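Trainee: next one to model:
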Amino acid sequence: MKEIIIDETKLKEAFLNYIECVTKLKQENEELKEGYIKLQIAFNAEQENEELRIQNSNFDNQLYRANEMLSNCNSKLQDYKQALEEIREIAENSCSIPCADCCYDCENCEDEITNNGETCMQYGLDKITNKINEVLGND
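Mentor: All right, here's what the predicted structure looks like:
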């Protein structure tokens, strides 16, 4: 059998090189870990940004619908105010007691006291009821 001669100096040098390589690999591994963590943080932030963009879009849609509803409510409010003004005028003009004949056809009434039905309380009540039904959409 052939005898192997080992040079201790070269062995120590190889071992030191090995230790140096392992140290460098550990350092590079740590740097890679730090880089990965930074990438993960950036990725999470991007995901959160996307979620925030989606939420913002949803809020914009809700705000748009709320503004539409408000506009519709304001329009209805104006309609109701106008109807109330018309009802007030009818009520102010309907100041005469209904005719003694208890006419049920107030539009064609020939009673002078009620100005042919124009100031008749009964006719005014009918006009107010019709106006309320018109505004509420009842027939």
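
Trainee: so, low pLDDT: which residues of this protein?
Mentor: Within the chain, the ranges that satisfy pLDDT under 70 run 1, 99-106, 139.

Trainee: just want the most central residue of it.
Mentor: Most central in the chain under C-alpha atoms, centre = their mean is Gln62, positioned 1.6 Å from the mean C-alpha point.

Trainee: residues touching that residue, list them.
Mentor: With contact set as C-beta atoms under 8 Å, 6 or more residues apart in numbering, Gln62 has no partners. For the C-beta atoms, the positions are set from N, CA and C on the backbone; glycine is no exception.

Trainee: which of the helices or strands spans it?
Mentor: Element membership of Gln62 [criterion: DSSP states H and E] is helix 8-93.

Trainee: could you point out the helix or strand that follows that helix?
Mentor: Taking DSSP H and E as the definition, the helix or strand that follows helix 8-93 towards the C-terminus is helix 121-136.

Trainee: by contact count, what packs against that following helix?
Mentor: Helices and strands in packing contact with helix 121-136 are listed as helix 8-93; criterion 3 or more C-beta pairs under 8 Å, 6 or more residues apart in numbering; DSSP states H and E.

Trainee: quick one, the helix holding Gln62 and helix 121-136 angle?
Mentor: Counting by axes from the mean of the first three to the mean of the last three C-alpha atoms, to 10 degrees, helix 8-93 lies at 160 degrees to helix 121-136.

Trainee: burial measure for Ile113, as a count.
Mentor: Per other C-beta atoms under 10 Å, the neighbour tally for Ile113 reads 13.

Trainee: same question, the one 10 residues further on
Mentor: As a burial measure, Tyr123 scores 24 neighbours (other C-beta under 10 Å).

Trainee: check contacts around it.
Mentor: The neighbours of Tyr123, taking C-beta under 8 Å, 6+ apart as the test, are Ser94, Pro98, Cys106, Glu107, Cys109, Thr114, Gly117.

Trainee: Val22 versus that one, what's the distance?
Mentor: Computed as C-beta to C-beta, to the nearest Å, the Tyr123 to Val22 distance reads 107 Å.
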